[in-house]
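In: Quick one, fold the following:
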Amino acid sequence: MYFPSLQWRYTLSDSNIQTDSNSPQSSAEDIVAQTDSGARVPQGAAKTLLWAAALFWALFQLWYASPLPFVFNFGVINDTQARAIHLSFAIFLAYTAYPALARSPRDSIPIQDWIFALLGAFSASYLVIFHTELANRAGAPTTADLVFAVIGMLLLLEATRRALGPPLMVVATVFLIYTFGGPYMPDVIAHKGASLNKTMSHQWLTTEGVFGVALGVSTSFVFLFVMFGALLEKAGAGNYFTKVSFSLLGHMRGGPAKAAVVSSGLSGLISGSSIANVVTTGTFTIPLMKRVGFPGSKAGAVEVAASTNGQLTPPIMGAAAFLMVEYVGIPYIDVIRHAILPALISYIALIYIVHLEAMKAGMMGLPRRYKPTLAQGLLTWAGIILGVCVLSMVVYYGVGWTKNVLGAWASPVLAVIIFAVYVGLLKFCSSYPELELDDPDSPVLELPEPGPTVKSGLYFLLPVVVLVWCLTVERLSPGLSAFWATVFMIFIVLTHRPIKAFFRGHANLGLSIKQGVEDLFDGLVSGSRNMIGIGVATAAAGIVVGTVTLTGIGLVMTEFVEFISGGNIMLMLIFTAIISLILGMGLPTTANYIVVSTLMAPVIVTLGAQSGLIVPLIAVHLFVFYFGILADDTPPVGLAAFAAAAIARSDPIKTGIQGFTYDIRTAILPFMFIFNTELLLIDIQGVFHLLLVIVSSVIAILVFAAATQGFWLVKTRWYETLILLVIAFSMFRPGFWWDEVYPPIESIAPTEIVTVVEGLQPDEKLRLSVSGETIDGDFVSKLVELPFPDSDSANARVEAAGLFLKDDSGRVIVDQVGFGSNAEAVGIDFDWEITGIEVKADRPPKQLIYIPALALLFLLGWLQVRRREQG
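Out: I've put the predicted structure just below:
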């Protein structure tokens with residue numbers, strides 16, 4: 001999302017900085033600028049206008065997200081108007097910041113681009129300027145409505161091509177052609193077609209297409225998180241995280257690579273872009289990895305794999321994660337909860353892969369500036385961990401206490417407490433020197449001391465604490481949470497340098513204040529420029545969503561995929577993964593997620609239910625999300641690999657292939673959590689169960705990493721690799737083997753439904769096999785999970801769930817379905833038949849399969865130890 005390495009391109013104060021276009025860093029920055037932030041750097045008045053437009057966009061987004069419009073009853077706009085203004089800024093900046101062609105001027109903006117920018121911005125703002133008139137003639141557009149809708153659509157497609165390249169523009173155009181040419185399509189995907197009037201009205205003048213959910217999420221949530229990350233990085237947090245990672249891990253075997261993994265993971269807190277992470281941390285980490293013995297392709301690949309996973313790391317996971325909130329219909333805190341374990345074990349496995357690579361090559365770490373004693377090392381780690389734990393307990397219980405006692409005064413009191421903590425941390429941190437990145441190419445490079453390095457920037461954790469607190473404890477919306485975190489971040493950017501200068505006794509406070517103001521404006525402008533691609537991508541992807549709702553291709557896709565896969569859920573998942581990877585080579589993660597999840601997520605859920613597998617919707621959306629991200633390092637197009645190769649001076653294709661081999665561990669996780677939803681922390685029963693899931697998952701991913709690397713304690717033989725893969729699979733999916741021995745499900749006659757419901761806990765789900773004819777005349781048979789609310793009797797609970805049943809000669813028929821009920825939500829219709837009831841069988845726990853799996857692992861380890869000792 002935010003690309004700190006490109007700050008010099010945009011700021012007025014740095015306008016005279018020149019870079020060497022032949023340097024590796026410059027090449028990597030060019031890749032990012034051309035794909036994410038706009039490669040055009042005009043001079044004079046054009047530069048000022050471009051800078052001002054980006055600044056006003058940031059200020060508009062802050063105003064829209066804040067409570068101030070409602071407090072002062074001024075400037076209140078609805079969601080549709082906000083989306084239109086958001087897209088107006090994005091299109092305007094797309095034409096002014098991105099050249100039309102490679103040969104187009106970079107230091108000036110041609111007159112035609114100004115015309116396109118203004119015309120595109122007006123077409124998007126048309127919904128704001130004429131919102132009253134449009135509301136009065138809904139469904140009956142005038143000629144002017146259609147003219148500006150067509151102009152806006154064409155200019156949006158061209159803006160998409162400029163900002164993101166041809167692929168997304170081509171995909172959106174294909175879907176538009178499909179809308180008009182439905183009758184001429186092959187029978188399997190044919191439809192009656194739509195007129196220009198109907199299509200443009202649907203796509204541009206309603207919230208079903210361009211101005212739909214995706215653009216709404218970009219407007220409400222994503223921009224603020226991008227701005228938050230931009231300001232956090234501008235304050236120096238990225239440098240702090242990198243230095244802390246190197247101080248703690250750089251001395252280990254292959255230490256620079258391990259530090260690269262951790263620093264990229266921490267960068268995931270402030271950046272949702274894998275390419276940005278590569279350029280930000282890779283500039284420092286890749287040369288150091290090469291120094292300790294990593295070949296250029298492997299050094300770049302480690303950075304690519306680490307940076308790619310940055311988008312998987314909560315609490316900020318890129319724009320696509322916020323779209324899940326709307327598409328899946330769950331709070332953002334639940335998205336974080338489901339995503340946290342796969343992200344963590346994926347990073348743990350990557351660190352282990354780096355360790356194995358270092359062992360294979362006999363690498364060492366970097367020297368420290370001092371030799372710590374064991375006690376000092378333990379105290380350093382213990383102090384950090386204990387400090388974090390104490391701080392977390394004080395914040396959680398302290399804030400909870402103030403909320404209960406102070407009521408409405410809790411927020412002002414908490415603000416004062418946070419301010420006091422902030423000033424106290426600044427005073428504490430000011431006693432340590434500022435962190436400056438060393439030159440990775442210098443002849444001698446020693447690691448900084450962990451203690452002073454960690455302590456020098458502890459206040460950078462406060463805005464992250466505020467963000468997480470608002471999301472998880474206060475349960476505020478993602479947009480409002482990001483707003484308060486951003487407001488706090490603005491305060492930090494403006495004040496942290498002057499306050500530290502005051503505590504250090506520096507006389508020239510004016511220079512620090514000036515630098516803080518410049519940092520603020522630079523962060524706001526940089527955040528806006530990095531939103532251009534996301535803004536036009538979500539709008540263009542809305543064309544795909546609008547086509548689905550207008551033509552009904554979603555139902556067609558179900559039949560098409562079922563035909564291709566033969567109803568096999570594994571083939572469907574592989575098919576979806578391949579589509580995500582192919583589209584992701586040219587589409588940004590956000591657009592890829594919108595397109596594939598819109599088309600494929602309902603298909604997988606529907607066909608999975610028909611196959612007897614209940615797949616939670618969040619699992620399918622995370623599946624698509626994972627493979628969309630993995631496309632960033634998939635040859636031959638993976639831009640993250642190209643950026644890393646430019647820094648490492650290695651072959652980009654070789655770097656991408658190596659990075660993808662490292663990311664195989666990430667690629668298997670989506671398949672695992674589709675079939676074992678415990679990995680997403682679904683249906684976890686108690687603390688012991690949670691710990692068992694975490695430990696088994698970590699062991700499984702480490703074993704899998706060793707298998708894919710062909711090295712564990714020594715080089716593995718082919719049969720040992722197979723054994724490791726079987727062990728990893730058994731730890732990930734113990735139920736696969738256990739189900740062969742003990743059937744997991746017991747079938748009960750549907751006539752016993754009242755008796756079964758009587759024994760359920762309140763809102764406990766019961767699996768029902770149902771079949772019947774849809775409104776379209778299709779006969780379906782599927783498995784659903786229906787929750788039954790608590791009530792006075794079992795019969796009342798059945799009716800409370802929305803089922804009104806009748807007995808037809810031993811057949812249980814759904815006579816009526818309650819409106820808005822649980823039964824309607826899971827897709828049961830009237831006149832359907834309940835053909836079976838499935839309850840969990842009483843059997844030994846499936847986790848017992850861990851015992852033989854671990855025994856086999858220990859045996860294999862013992863054999864490898866013996867082989868290593870024998871030379």
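In: Tell me how far residue 710 lies from residue 325.
Out: Residue 710 sits 41 Å away from residue 325, going by CB to CB, to the nearest Å. (C-beta placed from N, C-alpha, C; glycine too.)
In: Just name the shakiest helix or strand of the chain by mean pLDDT.
Out: Least confident helix or strand, the chain: helix 7-10 with a mean of 32, by mean pLDDT, DSSP states H and E.
In: now residue 234, nearest residue through space, not along the chain?
Out: Nearest residue to residue 234, sequence neighbours excluded (CB to CB, 6 or more residues apart in numbering): residue 523, at 3.9 Å.
In: Can you tell me the element that neighbour falls in?
Out: helix 509-529 (DSSP states H and E).
In: what about the residue nearest to residue 292 when sequence neighbours are not counted, which SS state?
Out: Distances taken as CB to CB, 6+ apart place residue 363 nearest to residue 292, at 5.2 Å, with adjacent residues excluded. The assignment at residue 363 comes out as coil when based on DSSP: H, G, I helix; E, B strand; the rest coil.
In: that older thread, which one's more surrounded, residue 710 and residue 325?
Out: residue 325 (20 against 15; other CB atoms under 10 Å).
In: separation between that one and residue 338?
Out: From residue 325 to residue 338 the distance is 12 Å (CB to CB).
In: just to revisit the earlier point, the residue nearest to residue 234 touches residue 237, doesn't it?
Out: No - using CB atoms under 8 Å, residue 523 makes no contact with residue 237, being 11.2 Å away.
In: These two: which has the busier surroundings?
Out: For residue 523 versus residue 237, neighbours defined as other CB under 10 Å are more numerous around residue 523 (28 against 25).
In: Let me see the contact set for that one.
Out: Contact analysis of residue 523 by CB atoms under 8 Å, 6 or more residues apart in numbering lists 227, 230-231, 233-235, 493.
In: Assess the claim that residue 642 and residue 652 are in contact.
Out: Yes - the pair residue 642 and residue 652 passes the contact test of CB under 8 Å, sitting 4.6 Å apart.
In: Which secondary structure state is assigned to the nearest residue to residue 110 once chain neighbours are set aside?
Out: Spatially, and ignoring its direct neighbours in sequence, residue 110 is nearest to residue 104 (7.3 Å; CB to CB, 6+ apart). When classified by three-state DSSP, residue 104 comes out as coil.
In: Sheet partners, orientation included, of the host helix or strand of residue 837?
Out: Secondary structure from DSSP H and E places residue 837 in strand 833-840. Taking DSSP bridges as the criterion, strand 833-840 forms sheet pairs with strand 745-748 (antiparallel), strand 765-773 (antiparallel), strand 811-817 (antiparallel).
In: low-scoring stretches of the stretch 701-850 of the chain, by residue?
Out: Nowhere does the stretch 701-850 of the chain drop to pLDDT under 70.
In: just to revisit the earlier point, same drill for residue 642 and residue 652, tell me which one is more crowded.
Out: residue 642 (25 against 22).
In: and the helix or strand that contains that one, what does it pack onto?
Out: Residue 642 belongs to helix 639-648 when assigned by DSSP H and E. With contacts taken as 3 or more CB pairs under 8 Å, 6 or more residues apart in numbering; DSSP states H and E, helix 639-648 sits against helix 24-32, helix 274-291, helix 296-308, helix 652-662.
In: With distance to residue 671 and mean pLDDT added, can I get those helices in JSON lines?
Out: Below are the helices and strands packed on helix 639-648 laid out as JSON lines (distance: least, CB to CB, whole Å; pLDDT from 0 to 100):
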{"stretch": "helix 24-32", "distance to residue 671": "31", "mean pLDDT": "54"}
{"stretch": "helix 274-291", "distance to residue 671": "21", "mean pLDDT": "76"}
{"stretch": "helix 296-308", "distance to residue 671": "18", "mean pLDDT": "86"}
{"stretch": "helix 652-662", "distance to residue 671": "16", "mean pLDDT": "85"}
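In: what's the most buried one of these?
Out: With neighbours defined as mean count of other CB atoms under 10 Å, those peak in mean count at helix 296-308, which reaches a mean of 31.
In: C-terminal to that helix, what's the next element?
Out: helix 319-324.
In: Run through who's touching that following helix.
Out: Against helix 319-324 from outside (CB under 8 Å, 6+ apart): 1, 213-214, 217-218, 221-222, 225, 272, 311, 314, 330, 332, 335, 339, 478, 534, 538, 589-590, 593-594, 597, 618, 621-622, 625, 628.
In: List only buried entries from the residues you listed.
Out: For those, a burial check counting by 16 or more other CB atoms under 10 Å picks out 1, 213-214, 217-218, 221-222, 225, 272, 311, 314, 330, 332, 335, 339, 478, 534, 538, 589-590, 593-594, 597, 618, 621-622, 625, 628.
In: Looking at the residues you listed, which are in strands?
Out: Among the buried ones among the contacts of helix 319-324, none falls in strands (DSSP state E).
In: care to break the protein down by domain?
Out: Residue ranges for the domains of the chain, per automatic domain parsing: 50-214, 216-532, 554-741, 745-842.
In: comparing those domains, which gets the lowest mean pLDDT score?
Out: In terms of average pLDDT, domain 216-532 trails the rest of those, at a mean of 78.
In: From the opening residue of that domain to its closing one, how far?
Out: 15 Å (CA to CA, to the nearest Å).
In: Pull the distance from that domain to the chain's centre.
Out: Averaging C-alpha positions (CA atoms, centre = their mean, to the nearest Å) puts domain 216-532 16 Å from its chain's average.
In: and if you look at stretch 802-821?
Out: 41 Å.
In: Now render the strands paired with strand 833-840 as JSON lines, adding distance to residue 75 and mean neighbour count.
Out: What follows is these, written out as JSON lines (distance: least, CB to CB, whole Å; neighbours: other CB atoms under 10 Å):
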{"stretch": "strand 745-748", "distance to residue 75": "57", "mean neighbour count": "14"}
{"stretch": "strand 765-773", "distance to residue 75": "46", "mean neighbour count": "18"}
{"stretch": "strand 811-817", "distance to residue 75": "45", "mean neighbour count": "17"}
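In: In TSV, list the ones you listed along with distance to residue 577.
Out: Formatted as TSV, these follow (distance: least, CB to CB, whole Å):
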stretch	distance to residue 577
strand 745-748	28
strand 765-773	27
strand 811-817	35
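In: Figure out which of those strands is closest to residue 517.
Out: Of all the strands paired with strand 833-840, strand 765-773 sits nearest to residue 517, with 55.8 Å by CB to CB.
In: Which residues does the helix or strand following the closest one contact?
Out: The C-terminal neighbour of strand 765-773 among helices and strands, as given by DSSP H and E, is strand 779-787. By CB under 8 Å, 6+ apart, the surrounding residues in contact with strand 779-787 are 606, 609-610, 612-614, 763-774, 801, 803, 822-823, 826-828, 835, 838.
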